[in-house]
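> only geometry, no sequence info:
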C-alpha cells in the first residue's frame, strides 16, 4: 500500500486529499481510495497553514515511511506459537445461531449467574470446534479453539465451568433451542421419530450415572443412555440422558410427555420407533393421550395364531417394484383388534384390545441378509458342537443347539437343532409394522417407518463425525454438557441441511466442507482461500450469495459469513 497527495481543481479552487492505493488480486489492478479529505487550498491557508501542499506532502511522506517500516517488519517477523491457518467452515452454523438469536437469551442467563466469561461465546465456540475437529476438551482448548476465526480470551477452567453449567441445565437448553427453532423455522410434530442409543466409558467402576447395561457395541463397560426425539423433518426437538442400566422403554413416554408439555404441543402426534420400544405400555399410553404410533414387531415372537397369517401363501400380496423393474418389496395388510397386556408398578395386569392396521412386508434384500446371518451363526454352532465347546462359549448361536446331559451325567452334550434353523430361515426377510393409523396407506406407513434411518444417521454423526464418547470427563454434569454440545451441533447441521440446502446434500458432504474450508490472512483485510473446489462449494456460494469459490476473500465476504461485524 502507498499514499499520495491528490490535487483536484474545480470552480471553488484547488481541493486536497490524501489517497491510498493497493493492488487488488481479485480485480487485477491497483485500487485507490480516499484515506483523508483535507479541504480547499485557500481555506487551509486562511486557517494558518502557509503552504498546504508542502505541509501535507510531508504527512504523506511520513505515511509511506511508516508503511515501508511495517513491510520490513513483516519480512523479518518470526513464526508464532499459533499457525496462520484459520477454520471458517463452521460459518453456516454461526449464521443459524445468529438467526435464532441465541445470544440474547444466553446473555440474560449469564447476567443472572454472574459468569466472568461470555456464556454464548464459549458454548458456540465449543459447538463449532466439535464440528471441525472433535477431540478431548484439553486438546479442544489448546489446539482447536485457536483455529477458529474469532478467538476467545478464556481460561481452561472457565471452559470446563461452562461445560459443567450447561450440563446441569441441559434439559432447559434443549427446550430453549427447540423453542427458538420452532419460532424461526417451524417444527413439524405431526409425526415424531424416537430412538435410543448408548455410549460406553472405559472405566472399571460404575458411578451414579455411568452404569453397566446392554451396550450397542456389546461391551461390558459402564454406559450412559441417550434418547433422541426428531420432528417430521428429522430436526432434533428433544433429548434425554439416563443411567445405562435403565430401560429405554419408559424414556419414550417421558420425553414425548415432557416435550408436549414444555412446548405446548396440543395436536396429535404419531410416534415412530423401533422394535425395542414397542412395549404394550407405550402403545396404550400413546392411544390414551390421543396420539398415534408406528412400530415394528418381531415376527418370530408373534403368537402362533398371528404367525399363520405371516406365513400363509395367500394371493393378497402387492409387489412394489424399483425403477429398473426389480422387486423392491411386497406387502399385505389387515385391520383387526389385538390384545395388549402390561403390569403396573403395583403388580396389577392391564389388558386392552386395540384396533390396529398391520402391514407385513417381505424384502428380497433383507431375506438374503438375514439368511446369510442365520447360516453363519448355524455354522458357528456346528463347529463349536463338534469341538465339544462349553455351553458359555456358544453365545447367541446357542439358540440353534439342543443341550442334554451325557449318559454318565458329568457334562452337557450339544446337538444341532435343525428345526430352529429352518424356522428362522422361513421367516427371513419378513418385517411386521403395526400402527394405530388405520386410514393411512400401506406404502405411506412403510415409508414413515423406514425414515428411521435418519435418526440412526444422527446417532452416527454423534458417534463418528462428532466423536461424542467423552473418554476423559468424569463429573456427571460435565458429561451431560458434552452431550448437549454434540446435540446442538447435530441440530444446527440438520437445520442447515433441511432449511438452507433444502436437502440437496448429505451429511458427509456437509461435514467435509466444514472441516476443509480454511483461510490464511495475506494482508490487511484479505484472506487466501485454502479449500479445494467442489460442486458443494459452488452450490453453497450460489445459495448464500457469497463468493466462497474465490481464491481471495475480503472483509466484505467474511462479513456476509457472519465472521466480522
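Cool, got the structure. No experiment lies behind these values; they were computed from the predicted model shown.

> end to end on stretch 334-353, go ahead and measure it.
One end of stretch 334-353 sits 16 Å from the other (C-alpha to C-alpha, to the nearest Å).

> give me the mean pLDDT for it.
Averaged across stretch 334-353, pLDDT comes to 87.

> same check on stretch 137-151?
On average, stretch 137-151 scores 89.

> chain center to it, what's the gap?
Computed by C-alpha atoms, centre = their mean, to the nearest Å, the separation of stretch 137-151 from the middle of its chain amounts to 20 Å.

> who's in contact with the residue nearest to residue 233 when sequence neighbours are not counted?
Spatial nearest neighbour of residue 233, excluding adjacent residues (C-beta to C-beta, 6 or more residues apart in numbering): residue 498 at 5.0 Å. C-beta coordinates here come from the backbone N, C-alpha and C atoms, glycine included. Contacts here follow C-beta atoms under 8 Å, 6 or more residues apart in numbering; on that basis residue 498 touches 233-235.

> helices of the stretch 251-400 of the chain, residue ranges please.
280-288, 304-311, 364-386 (DSSP state H, counting those that start in this stretch).

> could you list every helix and strand that the second one packs against?
The reference is to helix 304-311. helix 418-427 (3 or more C-beta pairs under 8 Å, 6 or more residues apart in numbering; DSSP states H and E).

> if we can go back for a sec, lowest average pLDDT across the helices of the stretch 251-400 of the chain?
Note on the helices of the stretch 251-400 of the chain: helix 304-311 shows the lowest mean pLDDT, a mean of 81.

> any buried residues in that helix, and which?
Buried residues in helix 304-311, counted by 16 or more other C-beta atoms under 10 Å: 307, 310.

> per the record, what domains does the chain have?
Using automatic domain parsing, the domain parsing of the chain gives 2-75, 367-427, 518-560.

> and these, which one averages the lowest pLDDT?
domain 367-427 (a mean of 79).

> measure residue 155 to residue 162 for me?
11 Å (C-beta to C-beta, to the nearest Å).

> so which of the two has more stuff around it?
Legend: neighbour count by other C-beta atoms under 10 Å for residue 155 and residue 162, higher for residue 162 (23 against 11).

> how about the contacts made by that one?
Shown in contact with residue 162 (C-beta under 8 Å, 6+ apart): 115, 117, 119, 122-123, 126, 481.

> which element is the spatially most central residue of the chain on?
Residue closest to the mean C-alpha point of the chain, counted by C-alpha atoms, centre = their mean, is residue 490 at 1.9 Å. Following DSSP states H and E, the helix or strand that holds residue 490 is helix 476-495.

> roughly how far is that helix from the heart of the chain?
That offset, for helix 476-495, works out to 8 Å (C-alpha atoms, centre = their mean).

> what's the mean pLDDT across that helix?
pLDDT averaged over helix 476-495 gives 92.

> packing partners of it?
Under the contact definition 3+ C-beta pairs under 8 Å, 6+ apart, helix 476-495 sits against helix 91-100, helix 119-132, helix 156-168, helix 170-184, strand 223-230, strand 236-243, helix 507-516.

> can you pull the buried residues of the second one?
Judged by neighbour count (16+ other C-beta under 10 Å), helix 119-132 contains these buried residues: 119-132.

> would you format these as JSON lines with pLDDT included?
Compiled in JSON lines, the buried residues of helix 119-132 are given as follows (pLDDT from 0 to 100):
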{"residue": "119", "pLDDT": "94"}
{"residue": "120", "pLDDT": "95"}
{"residue": "121", "pLDDT": "94"}
{"residue": "122", "pLDDT": "95"}
{"residue": "123", "pLDDT": "96"}
{"residue": "124", "pLDDT": "95"}
{"residue": "125", "pLDDT": "95"}
{"residue": "126", "pLDDT": "95"}
{"residue": "127", "pLDDT": "95"}
{"residue": "128", "pLDDT": "95"}
{"residue": "129", "pLDDT": "93"}
{"residue": "130", "pLDDT": "92"}
{"residue": "131", "pLDDT": "92"}
{"residue": "132", "pLDDT": "92"}
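
> could I get these as a markdown table with distance to residue 54?
Formatted as a markdown table, the buried residues of helix 119-132 follow (distance: C-beta to C-beta, whole Å):
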| residue | distance to residue 54 |
| --- | --- |
| 119 | 56 |
| 120 | 53 |
| 121 | 50 |
| 122 | 55 |
| 123 | 57 |
| 124 | 54 |
| 125 | 52 |
| 126 | 58 |
| 127 | 58 |
| 128 | 53 |
| 129 | 55 |
| 130 | 60 |
| 131 | 58 |
| 132 | 55 |
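
> closest one to residue 467 out of those, please.
Nearest to residue 467, judged by C-beta to C-beta, of the buried residues of helix 119-132 is residue 130 at 8.3 Å.

> run a quick neighbour tally on residue 449.
Counted with other C-beta under 10 Å, residue 449 comes out at 22.

> that one touches residue 433, doesn't it?
Yes. In this structure, residue 449 is within contact of residue 433 by C-beta atoms under 8 Å, at 5.2 Å.

> list residues touching both of the two?
294, 296.

> ok, residue 103 touching residue 120?
Yes. Counting by C-beta under 8 Å, residue 120 is a contact partner of residue 103 at 4.4 Å.

> between the longest strand anywhere in the chain and helix 280-288, how many degrees?
Using DSSP state E, we find that the single longest strand of the chain is strand 327-343. In terms of direction (axes from the mean of the first three to the mean of the last three C-alpha atoms, to 10 degrees), strand 327-343 departs from helix 280-288 by 100 degrees.

> any buried residues in strand 327-343, and which?
Of all the residues in strand 327-343, those buried under the rule 16+ other C-beta under 10 Å are 329-333, 340, 342.

> need the contacts of residue 498 in a markdown table (columns: pLDDT and distance to residue 429).
Below are the contacts of residue 498 laid out as a markdown table (pLDDT from 0 to 100; distance: C-beta to C-beta, whole Å):
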| residue | pLDDT | distance to residue 429 |
| --- | --- | --- |
| 233 | 88 | 31 |
| 234 | 85 | 27 |
| 235 | 91 | 33 |
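
> which of those sits closest to residue 30?
Comparing the contacts of residue 498 against residue 30 with C-beta to C-beta places residue 235 closest, at 49.2 Å.

> for the residue nearest to the closest one when sequence neighbours are not counted, give me its contacts.
Closest residue in space to residue 235, ignoring its immediate chain neighbours: residue 494 at 5.1 Å, by C-beta to C-beta, 6+ apart. Neighbouring residues of residue 494 by C-beta under 8 Å, 6+ apart: 233-236, 458.
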